[in-house]
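Undergrad: Test case, fold it:
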Amino acid sequence: MTPEPAHGQHARVLPMRDRTASDDDFTLTPPNDVDAEQAVVGALMLAPDVIAEVSALMEPADHYRPAHETIHRAILDLNGQGHAVDPITLGHHLEQTGDLPRVGGRAYLHTLVGAVPSASNAAYYAEIVHGHAQRRRSIEAGTRLVQAGMTPDATPEDLREALAVSAESLPGTWGEPIPLTTQPQLPPFPSHVLPTWLREFVDAVAEETQTPADLAGTLALAVLATAAGGRVIVQLRGRWREPTNLFTVVALPPGNRKSAVFSALTSPLRAAEKLLVSSAAGRIAEAEVTAKMAREAADKAATQAAKAEGMERDGLTAEAIALAQAADSLEVPNAPRLLADDSTPETVTTLMSEQGGRLSVMSAEGGIFDIIAGRYSGTPNMEVFLKGHAGDWLRVDRRTRAENIESPALTMGLAVQPSVLKDIGQNRVMDGRGLLARFLYALPESLVGYRKANPDQVPEHVAEAYERTVTGLTLSLAEWTDPAILRLTPEADAVLGEYNERVEPQLRARGGRLGHVTEWASKLVGATARIAGLLHLGEHLETGYTKPIAADTMSAAVELGDYFAAHALTVFDLMGADATLARARSLLTVLQDNGWESVTRRDLFAKVSRSEFPTVADLEPTVALLEEHGYLRSETPPRTGKRGRPPAPRYVIHPALREAKV
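TA: Numbering: from 1, shown residues only. Sure thing, here's the model as predicted:
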């Protein structure tokens with residue numbers, strides 16, 4: 001057994017046995033296994049990959065030794081922040097919190113690492129620690145009842161209270177299970193991170209329409225991306241660059257005034273498009289007349305050359321060829337377009353080609369998904385959307401058309417019903433090609449039934465400032481051909497780097513919070529950089545391209561990145577991307593059908609589908625989820641000896657599942 005920190009080093013660390021008893025009497029020591037506790041925290045430092053597995057089996061409070069609980073909590077804190085966990089980083093963290101002397105100092109942290117027989121057995125050590133914790137809670141509950149019953153002046157109310165408190169502590173007491181369909185509380189849209197003029201309008205529109213700020217806020221980002229997309233690029237590190245176009249989608253049930261909010265947010269874009277068309281009308285007309293005259297002159301010269309003979313014919317032919325080439329070189333500008341709505345992929349491609357690669361699909365309906373899936377053609381066509389998001393070169397060669405887009409920049413801002421997301425999630429073609437992984441999702445809670453009858457209206461000056469700013473920003477960037485390059489200050493680069501380090505461990509297939517949506521989550525840091533570029537432009541309207549993105553702006557973008565990550569998890573659950581949740585529902589049916597009071601892991605594995613659970617290990621994430629929701633508990637039988645692996649756990653089943661079968 002590894003020596004514990006000296007008692008003087010950690011006032012809260014209990015000695016190895018209860019000193020209130022005699023030297024030969026250990027019967028007063030509550031159940032605990034210090035070897036297992038030391039092995040658990042040591043394994044967490046040696047192999048961070050086991051943190052999720054251990055967390056599914058025990059809590060830090062399960063440790064008997066307070067020092068081990070403190071260390072365990074510190075490890076979870078560091079890991080949750082995306083930092084590496086080892087004796088050095090952990091010692092630094094504990095020193096900052098003031099806990100290092102109380103846990104035995106840095107030497108004890110290194111000692112714990114050496115106390116691990118095998119980090120791969122961390123789950124078994126955790127089961128031992130948790131089992132002892134359950135026994136201690138049972139003892140405490142019984143002691144509490146005995147003490148209450150032995151107190152002469154205890155009232156019936158005191159006894160009932162002691163019984164209730166003890167029942168909560170007993171591991172065998174069941175609470176009401178949490179339905180698997182229950183969605184977590186999602187964070188509200190952090191509108192405070194937006195530039196002042198934009199924040200005021202978003203909040204005012206949300207108040208006037210009595211809609212969640214998520215709707216106006218997410219659409220506002222798409223509006224900024226429409227103004228800047230294709231004209232501004234964020235330079236990160238080396239060859240890593242991010243364009244500033246975005247794909248966003250907000251999902252709300254019918255009756256939530258999506259169209260009213262959508263109209264209010266996109267109005268300046270429509271106004272800017274009209275101004276661009278108006279200013280281009282003269283140039284287009286002049287170019288059309290010039291091209292027509294050039295073509296007529298070339299045709300006339302060709303006619304004359306055809307009638308001539310000899311040397312005169314050769315001269316007129318050369319002149320006709322030169323005039324035809326000059327006519328062909330004249331291009332008539334296309335009428336400016338910023339927005340599209342109910343458009344086929346082919347139309348979107350053509351419009352982007354005509355607009356120098358820039359376009360925004362904005363819609364208050366979800367019909368565009370049906371069009372992409374092949375409503376009209378019968379065949380899904382999403383190439384322009386995939387490449388339009390990433391900025392990859394797009395060339396289309398068809399019998400009737402040939403189009404070439406060097407740097408496409410497509411923005412999408414959609415407001416749809418939740419059922420639309422559920423339906424497209426079932427389309428394996430769209431999901432498999434990665435289109436759904438390119439969207440930033442918002443799934444706010446509907447306010448229907450809680451809306452004010454007479455809300456405050458959007459102040460006139462707030463609406464005017466929004467209209468003026470969006471229109472001006474759009475027009476100022478419309479004529480740019482070479483994109484502006486936004487760079488990061490060293491401080492902003494550090495903020496993004498820390499965010500990247502925090503997100504990366506969450507992408508792990510085993511135990512990662514975002515492990516089941518890695519295709520989406522792997523784009524999260526890049527999307528955050530895009531958002532930072534848009535916030536920067538919104539904050540520095542006239543000089544944004546002349547100065548780097550600051551750390552405060554990047555921190556604001558990170559807050560939005562965390563918001564979209566939380567919502568994406570629930571949206572992909574709605575679309576059926578979380579296989580663990582689907583398997584949990586399947587396993588719940590198995591438990592109900594068999595009516596067990598308890599079952600071994602091996603017997604449970606014998607009853608489940610091999611297509612869902614190929615190995616016994618595949619049961620663990622699903623069992624952990626059901627345990628979190630209160631449908632079952634893992635209990636490890638006590639060891640009969642010190643050697644060998646501990647007994648396999650049994651799963652104790654919530655009585656409600658047996659009652660449901662009856």
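
Undergrad: Quick check: Asp86 vs Ala324, distance?
TA: Using C-beta to C-beta, to the nearest Å, one gets 75 Å for the distance from Asp86 to Ala324. Glycine gets a C-beta too; all of them are placed from N, C-alpha and C.

Undergrad: for the stretch 401-550 of the chain, what spans make up the strands?
TA: Per DSSP state E, counting those that start in this stretch, the stretch 401-550 of the chain carries strands over the ranges 402-405, 409-416, 439-442, 484-486.

Undergrad: neighbouring contacts of the last one?
TA: Residues outside strand 484-486 that contact it (C-beta atoms under 8 Å, 6 or more residues apart in numbering): 231-235, 477, 533, 536-537, 544-545, 548-549.

Undergrad: Next, the buried residues of stretch 300-315.
TA: Judged by neighbour count using 16 or more other C-beta atoms under 10 Å, the buried positions of stretch 300-315 are Ala301, Ala302, Ala305.

Undergrad: hang on, the earlier thing: buried ones among the contacts of strand 484-486?
TA: Among these, the ones that count as buried (16+ other C-beta under 10 Å) are Arg231, Val232, Ile233, Val234, Gln235, Leu477, Gly533, His536, Leu537, Gly544, Tyr545, Ile549.

Undergrad: which ones among those are found in helices?
TA: Among the buried ones among the contacts of strand 484-486, the residues falling in helices (DSSP state H) are Leu477, Gly533, His536, Leu537.

Undergrad: tell me the two of those residues that are most distant?
TA: The two members of those with the most space between them (C-beta to C-beta) are Leu477 and His536, at 13.3 Å.

Undergrad: got the contact list for the helix or strand hosting Glu53?
TA: Using DSSP states H and E, Glu53 falls within helix 51-55. With contact meaning C-beta under 8 Å, 6+ apart, helix 51-55 is reached by 40, 43-44, 75-76, 79, 85, 122-123, 126, 510-512, 620.

Undergrad: neighbour-wise, which of the residues you listed leads?
TA: With neighbours taken as other C-beta atoms under 10 Å, the top of the contacts of helix 51-55 is Val40, carrying 34 neighbours.

Undergrad: Not counting residues beside it along the chain, what's closest to that one?
TA: Distances taken as C-beta to C-beta, 6 or more residues apart in numbering place Tyr125 nearest to Val40, at 4.7 Å, with adjacent residues excluded.

Undergrad: Kindly report the same for Arg283.
TA: Pro333 (6.0 Å).

Undergrad: a markdown table for the strands of the stretch 401-550 of the chain, including distance to Arg257?
TA: A markdown table is the format used below for the strands of the stretch 401-550 of the chain (distance: least, C-beta to C-beta, whole Å):
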| stretch | distance to Arg257 |
| --- | --- |
| strand 402-405 | 36 |
| strand 409-416 | 10 |
| strand 439-442 | 15 |
| strand 484-486 | 35 |
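
Undergrad: For Ser343, which of the ones you listed is the nearest?
TA: That would be strand 409-416 among the strands of the stretch 401-550 of the chain, by C-beta to C-beta, at 11.2 Å.

Undergrad: how about the helices of the stretch 301-450 of the chain, start to end?
TA: 310-329, 345-354, 367-372, 383-390, 418-425, 428-433 (DSSP state H, counting those that start in this stretch).

Undergrad: closest to His654 out of those?
TA: helix 418-425 (28.5 Å).

Undergrad: and that closest one with strand 409-416, angle?
TA: Interaxial angle, helix 418-425 versus strand 409-416 (axes from the mean of the first three to the mean of the last three C-alpha atoms, to 10 degrees): 130 degrees.

Undergrad: buried ones in helix 418-425?
TA: So, applying 16+ other C-beta under 10 Å, buried residues of helix 418-425: Pro418, Val420, Leu421, Asp423, Ile424, Gly425.

Undergrad: any idea how the protein splits into domains?
TA: Per the record, the chain has its domains at 34-169, 191-269+335-574, 280-329, 579-661, by automatic domain parsing.
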